[in-house]
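Q: need a 3D model of the sequence below.
(2 chains)
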Protein chains: 2
Amino acid sequence: MFFTRPLARLIEEFQKFPGVGPKSAQRMAFHVLDLSHEEVRGLADAIIDAKQKVKNCSVCSHLSAEDPCELCLDTRRDQTTICVVADARDVIALERTREYRGLYHVLRGLISPLEGKGPDQLSVKELLIRLHDGAVQEIILAINPTVEGDATVLYLTRLIKPVGIKLSRIAFGLPMGSDLEYADDMTLSKSLEGRREI
Amino acid sequence: MFFTRPLARLIEEFQKFPGVGPKSAQRMAFHVLDLSHEEVRGLADAIIDAKQKVKNCSVCSHLSAEDPCELCLDTRRDQTTICVVADARDVIALERTREYRGLYHVLRGLISPLEGKGPDQLSVKELLIRLHDGAVQEIILAINPTVEGDATVLYLTRLIKPVGIKLSRIAFGLPMGSDLEYADDMTLSKSLEGRREI
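A: Numbers count the residues shown, from 1 in each chain, chains lettered A, B, ... in the order given. Got it, this is the predicted structure:
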């Protein structure tokens, strides 16, 4: 027992964070002790607040304190395109590119029989509802090129294709700045397969 | 604005932690959202609790929820030796070695004229009080080999030497498993200087 009880407990809590080992957790706990009482109260409040206020948007399932979320309510966005992603983190990553100006739909996971996760646990029904009024003209699937991702894309394709809406999946290939010589076989063959006429 | 307000605020809070960049802070914030409401409450409680309950021991200035601290109260420890360190973190590091079984004294900093930190801001007075009853026979200074560390050691030496108590400083030299060839000059000369007859 190196740490006094409340400190040990705090270190334990921090160690539960992803990518935080014993050393980092210890440093974080000492950081808390170094803060003023008001700063600590602010930190604890921010944690409770985020958990209590951030919910899934009832339209697109993205994380938001508002419902519908800021993205769904933004009329400057292109209302004819929906980009479908697995997770709210993916929305952030796409927004960061400042390339995409349409709407989003967060599936809240991918189909994974191994984890016992089927289409029913995803926000697929909510996606189909959004296609009813005919405003949406294109759906972009921005879904990882993994087994689960491919299964989900296949499932969604079979559902959406019959509706007659344009459906696409983001491109896979060599990442920018990378070297063909060092690319793995899978990436390279995807990159060949996805070649575009110039 | 990529993140909904409460989430952005939480990410900001996490970014204030040492060694936590924007990416890690974001991952930590999402982790909080993934927790159950009870787990989040537990985390916030642990933070508040640590800050409120962990104080400096009135004897040795180590961090503790008890006063005197667990180390000071532990009668199995050698009561004749005090190891003087700059920071509570150093106590943890020394305890981890399981080599030292005496008492500690945490200075709560080092003398640093540049940062306007003088001996008055350190727990030097508290250390001298502990030497009054004559029980302590040796003081080990486990203080970093830096400008501030050396200044503090010099200051403490001038104070403690006249009391007639055995005073030592931990050894500096090649770290275990390192290679003489790659050692820096300072370390190597310290290592020569501190050579021991075999």
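
Q: isn't residue A:66 up against residue A:74?
A: No: between residue A:66 and residue A:74 there is no contact under C-beta atoms under 8 Å: 11.2 Å. The C-beta positions use only the backbone N, C-alpha and C, and glycine is treated the same way.

Q: more crowded one of these two?
A: residue A:66 (15 against 12; other C-beta atoms under 10 Å in any protein chain shown).

Q: who are the neighbours in contact with that one?
A: Neighbouring residues of residue A:66 by C-beta atoms under 8 Å, 6 or more residues apart in numbering or on different chains: A:57, A:73, B:4.

Q: then residue A:104?
A: Residues near residue A:104 by C-beta under 8 Å, 6+ apart: A:60, A:62, A:71, A:82-85, A:91, A:94.

Q: report the longest strand in chain A, please.
A: strand A:78-85 (DSSP state E).

Q: by contact count, what packs against it?
A: helix A:88-97, strand A:102-106, helix A:124-131, strand A:138-141 (3 or more C-beta pairs under 8 Å, 6 or more residues apart in numbering or on different chains; DSSP states H and E).

Q: switch to 7 Å and redo it
A: Packing partners of strand A:78-85 (3 or more C-beta pairs under 7 Å, 6 or more residues apart in numbering or on different chains; DSSP states H and E): strand A:102-106, strand A:138-141.

Q: export these to TSV and tack on mean pLDDT?
A: TSV is the format used below for the helices and strands packed on strand A:78-85 (pLDDT from 0 to 100):
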stretch	mean pLDDT
strand A:102-106	96
strand A:138-141	95
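
Q: reformat those as CSV; add distance to residue B:181.
A: What follows is the helices and strands packed on strand A:78-85, written out as CSV (distance: least, C-beta to C-beta, whole Å):
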stretch, distance to residue B:181
strand A:102-106, 56
strand A:138-141, 56
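
Q: ok, the most centrally placed residue in chain A - contacts?
A: Central residue of chain A (C-alpha atoms, centre = their mean): residue A:87, 2.5 Å from the mean position. Residue A:87 makes contact with residue A:106 under the criterion C-beta atoms under 7 Å, 6 or more residues apart in numbering or on different chains.

Q: and residue A:45, what pLDDT?
A: Among the per-residue scores, residue A:45 shows a pLDDT of 97.

Q: and residue A:33, by the same measure?
A: 95.

Q: same question for residue A:186.
A: pLDDT, residue A:186: 87.

Q: domain parsing for chain A?
A: A:5-53, A:71-173 (automatic domain parsing).

Q: find the one among those domains with the highest mean neighbour count.
A: The highest average neighbour count among these, using mean count of other C-beta atoms under 10 Å in any protein chain shown, belongs to domain A:5-53 at a mean of 18.

Q: do that one and chain B come into contact?
A: Yes: using C-beta under 7 Å from any C-beta of the partner chain, we find that domain A:5-53 touches chain B at A:5-7, A:9-10, A:13, A:17-19, A:24, A:27-33, A:37, A:40, A:42-44, A:46-51, A:53.

Q: of the contacts of residue A:104, just say which sits nearest to residue B:119.
A: residue A:91 (55.0 Å; C-beta to C-beta).

Q: what sits up against the longest strand of chain A?
A: Here strand A:78-85 has contacts from A:91, A:94, A:100-107, A:127, A:130, A:135-143, A:156, using C-beta under 7 Å, 6+ apart.

Q: could you point out the longest helix in chain A?
A: In chain A, with assignment by DSSP state H, the single longest helix is helix A:37-53.

Q: can I get that one in CSV? Just the C-alpha atoms.
A: Only the C-alpha atoms of helix A:37-53 are listed here, as CSV (Å, rounded to 0.1, in the frame of the first residue of the first chain):
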residue,chain,number,x,y,z
HIS,A,37,-10.7,23.1,-4.8
GLU,A,38,-12.7,25.1,-7.4
GLU,A,39,-10.9,23.5,-10.3
VAL,A,40,-11.5,20.0,-8.9
ARG,A,41,-15.2,20.8,-8.5
GLY,A,42,-15.2,22.1,-12.1
LEU,A,43,-13.6,18.9,-13.3
ALA,A,44,-16.1,16.7,-11.4
ASP,A,45,-19.0,18.8,-12.7
ALA,A,46,-17.8,18.5,-16.3
ILE,A,47,-17.8,14.7,-16.0
ILE,A,48,-21.2,14.5,-14.4
ASP,A,49,-22.6,17.1,-16.8
ALA,A,50,-21.3,15.4,-20.0
LYS,A,51,-22.7,12.1,-18.9
GLN,A,52,-26.1,13.5,-18.0
LYS,A,53,-26.6,16.0,-20.8
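
Q: what pairs with whichever helix or strand comes after it, parallel or antiparallel?
A: Tracing the chain C-terminally past helix A:37-53 and defining elements by DSSP states H and E, one meets strand A:55-56 next. When sheet partners are counted by DSSP bridges, strand A:55-56 sits next to strand A:63-64 (antiparallel).

Q: what's the helix or strand just after the strand it pairs with packed up against?
A: Toward the C-terminus, strand A:63-64 is succeeded by helix A:70-73 as the next helix or strand (DSSP H and E). If you count contacts as 3+ C-beta pairs under 7 Å, 6+ apart, helix A:70-73 packs onto strand A:102-106.

Q: what pairs with the strand it packs on, and is each one parallel or antiparallel?
A: Strand A:102-106 is paired, per DSSP bridges, with strand A:78-85 (parallel).

Q: tell me the mean pLDDT for the partner strand?
A: 96.
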